[in-house]
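Participant: Sequence unavailable; structure follows:
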C-alpha cells in the first residue's frame with residue numbers, strides 16, 4: 001500500500017474529550033506513517049499546531065445550524081478534498097456515517113476504505129441502517145474483540161483495541177491503598193449502579209470508590225442525576241466528572257482497583273488503560289479473559305449480577321498483595337499487545353491483505 005495520502009474520518013479531534021481524546025494518539029501514528037493526512041471530523045475543527053502534514057476539516061460551531069446545513073458542510077468538504085487529492089486510504093474511526101457519506105460523495109470512487117468500529121448493535125433503527133451501509137461500502141472492517149462488531153461478515157477482522165500503552169504504563173511494586181475507580185461514560189449500558197451496590201456490600205465498603213467520566217446524551221444525564229441522588233449519603237462514593245485523556249495516568253496513580261460492569265459487546269479501552277496503569281481489574285465481559293490465565297480469571301471475571309461481583313470483591317480482599325501484583329503484571333504484559341503501535345501495524349496488514357487497485 002502506498003502511504004502517501006490518508007483521509008482519516010472521526011468523531012472528534014479534541015484531546016480533552018474523555019471518550020474520544022485518544023484520537024490524537026491515532027493522529028500521531030498516522031502522521032508518522034503517511035506523507036499527508038486530511039482529517040474530517042463531525043465535531044468542530046481545532047487549530048492544528050502539532051503536525052506539519054495534517055489538516056483538519058469539520059463542522060463550524062454554530063448552534064443555529066440545522067442538521068441539513070451540517071450535512072451540506074460535510075458533503076462539500078468530502079467533494080472538495082476527494083477532487084483535489086488522490087487518497088491511498090480512507091480510514092473511518094467509529095464513524096459509520098462519515099464512511100457512508102464519503103462513499104456516496106467522493107469524486108474518487110475507488111479509494112480503499114477501512115472502518116474501525118467497536119461497539120454493540122445500535123438501538124436506533126436509523127443508526128443500524130447506517131452501520132449496515134458502512135459495512136457494505138467498506139473494503140474491510142477492523143474491530144477489537146469477538147463481540148465488539150454486531151454483524152457477521154468476511155470483511156470483519158478482529159485485531160484488538162488501540163490504547164496509548166506508553167502513556168498509561170506504570171510498574172507497581174505495591175498497592176498504596178484499597179481505593180477503587182470506575183472509568184466510564186455515565187450510561188445505563190455501563191451498569192454503574194450494579195458496580196457501586198456490589199462494592200458497598202463487599203469487604204471494601206469502607207474504602208473510596210470514584211466514578212470518572214461524564215454523561216453525553218439526555219438519557220445519560222438523567223441517569224447521572226439518578227446515581228448522584230441514590231448515593232448522596234455515601235460519603236465514599238464520589239462522582240469526579242470528566243478528566244482529559246492525557247491527565248488520566250496521573251489520576252489512575254491514586255487508585256488500586258477498577259470495575260467494568262459492561263456486557264458482551266462493550267470491549268472498553270478503560271480496562272486496558274487501567275490495567276496498563278497497574279490497577280487490578282474486575283470485569284464482566286469475557287472477551288477480557290484472554291488477558292489472564294485460567295486460575296486468575298476466577299478473581300477477575302464476574303457475572304452481571306450483584307452476588308457474583310460481591311463474591312469476587314470479597315475473594316480479592318483476602319488475597320495477599322503479592323498474588324494481586326502477580327495477576328496485574330500478567331494482564332499488563334498482555335495489554336501491551338494492544339498498544340496503538342501494534343494495532344496500527346495490524347490495520348496496515350489488514351489493508352494490504354486485499355489485492356492492490
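Facilitator: Structure's in. What do you need? Every value quoted in this text rests on a predicted model; they were computed, and no experiment measured them.
Participant: give me the low-pLDDT residue ranges for this structure?
Facilitator: Scanning the chain for pLDDT under 70 picks out the ranges 1, 13-22, 44-49, 61-64, 353-357.
Participant: How are the helices of the stretch 101-250 of the chain distributed by residue range?
Facilitator: 125-137, 165-168, 192-200, 218-230, 248-252 (DSSP state H, counting those that start in this stretch).
Participant: Does anything pack onto the fourth one? Which helices or strands?
Facilitator: Here helix 218-230 is seen to pack against helix 192-200, strand 237-241 when contacts are counted using 3 or more CB pairs under 8 Å, 6 or more residues apart in numbering; DSSP states H and E. C-betas here are computed from N, CA, C, even on glycine.
Participant: Next: the shortest one.
Facilitator: Using 3+ CB pairs under 8 Å, 6+ apart as the contact criterion, the neighbours of helix 165-168 among helices and strands are helix 248-252, helix 269-276.
Participant: Now do the buried residues in the first one.
Facilitator: It refers to helix 248-252. The neighbour-count check on helix 248-252 (16 or more other CB atoms under 10 Å) flags 248-249, 251-252 as buried.
Participant: Note down every partner strand of the helix or strand following it and its orientation.
Facilitator: Remark: after helix 248-252, the chain's next helix or strand is strand 257-260, criterion DSSP states H and E. Strand 257-260 has these partner strands in its sheet, going by DSSP bridges: strand 180-183 (parallel), strand 280-283 (parallel).
Participant: chain center to strand 257-260, what's the gap?
Facilitator: Put simply, strand 257-260 sits 16 Å off its chain's centre (CA atoms, centre = their mean, to the nearest Å).
Participant: Which one, of the helices and strands packed on helix 165-168, ends up nearest to residue 84?
Facilitator: With distances scored as CB to CB, the stretch of the helices and strands packed on helix 165-168 nearest to residue 84 is helix 269-276 (34.2 Å).
Participant: Just the residues contacting that closest one, thanks.
Facilitator: Residues outside helix 269-276 that contact it (CB atoms under 8 Å, 6 or more residues apart in numbering): 22, 161-165, 168-170, 181, 183-184, 248, 252, 258, 260, 281, 283, 288, 291, 328, 331-332, 335-336, 338.
Participant: Kindly give a single ChimeraX line that selects the buried subset of those residues.
Facilitator: In ChimeraX syntax, the buried subset of the contacts of helix 269-276 is picked out as below (16+ other CB under 10 Å):
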select :22,161,162,163,164,165,168,169,181,183,184,248,252,258,260,281,283,288,291,328,331,332,335,336,338
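Participant: What distance do you get for the closest residue to residue 97 other than its chain neighbours to residue 167?
Facilitator: Nearest in space to residue 97, with sequence neighbours left out and distances taken as CB to CB, 6 or more residues apart in numbering, is residue 130 at 5.4 Å. Taking CB to CB, to the nearest Å as the measure, residue 130 falls 32 Å from residue 167.
Participant: And for residue 2?
Facilitator: With CB to CB as the criterion, residue 2 and residue 167 are 30 Å apart.
Participant: Between the two, tell me which one has more neighbours.
Facilitator: Regarding residue 2 and residue 167, a neighbour count based on other CB atoms under 10 Å identifies residue 167 as having more, with 17 against 12.
Participant: quick revisit: rebuild the helices and strands packed on helix 165-168 as TSV, extending it with distance to residue 351.
Facilitator: Shown next, in TSV, are the helices and strands packed on helix 165-168 (distance: least, CB to CB, whole Å):
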stretch	distance to residue 351
helix 248-252	30
helix 269-276	22
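Participant: Residue 79: which of those helices is closest?
Facilitator: Closest to residue 79 of the helices and strands packed on helix 165-168, according to CB to CB: helix 269-276, at 33.4 Å.
Participant: Tell me, how many residues neighbour residue 58?
Facilitator: 20.
Participant: Can you name the residues bridging to it?
Facilitator: Residue 58 has these beta-bridge partners by DSSP bridges: residue 41.
Participant: Output the strands paired with strand 257-260 as a markdown table; include the columns distance to residue 87.
Facilitator: As requested, the strands paired with strand 257-260 are exported to a markdown table (distance: least, CB to CB, whole Å):
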| stretch | distance to residue 87 |
| --- | --- |
| strand 180-183 | 35 |
| strand 280-283 | 38 |
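Participant: all strands for this protein, in order.
Facilitator: Assigned by DSSP state E, the strands in the chain fall at 5-10, 36-41, 54-58, 89-93, 113-116, 140-143, 156-158, 180-183, 209-212, 237-241, 257-260, 280-283.
Participant: Give me the distance between the spatially most central residue of the chain and residue 103.
Facilitator: Per CA atoms, centre = their mean, the C-alpha nearest to the average position across the chain is that of residue 269, at 4.7 Å. In this view, residue 269 and residue 103 are 27 Å apart by CB to CB.
Participant: ditto for residue 206
Facilitator: Residue 206 sits 55 Å away from residue 103, going by CB to CB.
Participant: ditto for residue 302
Facilitator: As judged by CB to CB, residue 302 and residue 103 stand 41 Å apart.
Participant: which of those two has more neighbours?
Facilitator: Using other CB under 10 Å as the criterion, residue 302 and residue 103 rank with residue 302 on top: 23 against 19.
Participant: got the contact list for that one?
Facilitator: By CB under 8 Å, 6+ apart, the contact set of residue 302 is 282-284, 308-309, 311-312.
Participant: go on, residue 38?
Facilitator: Listed by CB under 8 Å, 6+ apart, the contact partners of residue 38 are 5-8, 54-55, 57, 81, 85, 87.
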